[in-house]
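In: okay, here's the prediction I keep looking at, along with the sequence it came from:
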Amino acid sequence: MVAVAGSRPAKPKRVMRVLIVDDNRDNMLTLGVLLRSEGYIVHMAKSGSEALRVAAAFPPNVALLDLVLPDRSGFEVADELKRRYRAECPVLIAITAHDNAQSKERAELVGFHHFVAKPYDPKTLLRLIGSLESS
């Protein structure tokens, strides 16, 4: 390959690691298939405790967290991820059927970066996650 003076090689695209946490198996698997089809590396968990174990072994760039989980809420998981990773905390995206002012306010206070209501538009969610790749 010959370099042209003043040109730079294109910066390689960062491969995003995404953690999906949802106790609804169908929701989790569907989202996983969607994200894998776009080239993301995906790990999944169906509870808050499992999410924290998976995150320890697989530090994600993005965590998609359902807010209502069987053992620990998505709020608690987000809080723990922020404490654990500090400045290197993954981008936290709440994905929930609880689309109300109280949930949105609490998500913001806990430190979620984005709030997505179920049912969500897959293309809109993909655009959101894709926009994080250049961040």
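Out: Here it is on my side, so go on.

In: pLDDT weak spots in the protein?
Out: Per-residue confidence for the chain (pLDDT under 70) gives these ranges: 1-14, 134-135.

In: distance check, the most centrally placed residue in it against Ala101.
Out: In the chain, the C-alpha nearest the mean C-alpha coordinate belongs to Ala63, at 2.6 Å (C-alpha atoms, centre = their mean). With the distance defined as C-beta to C-beta, to the nearest Å, Ala63 ends up 23 Å from Ala101. For the C-beta atoms, the positions are set from N, CA and C on the backbone; glycine is no exception.

In: can you show me the strands along this structure?
Out: 17-21, 41-45, 62-65, 91-96, 114-117 (DSSP state E).

In: tell me which of those lies nearest to Asp79.
Out: With C-beta to C-beta, the closest approach to Asp79 among these belongs to strand 91-96: 9.7 Å.

In: what's the most buried one of the strands of the chain?
Out: Of all the strands of the chain, strand 62-65 has the most neighbours on average by mean count of other C-beta atoms under 10 Å, namely a mean of 26.

In: could you say what helices and strands it packs with?
Out: With contacts defined as 3 or more C-beta pairs under 8 Å, 6 or more residues apart in numbering; DSSP states H and E, the secondary structure elements packing on strand 62-65 are strand 17-21, helix 48-57, helix 74-85, strand 91-96.
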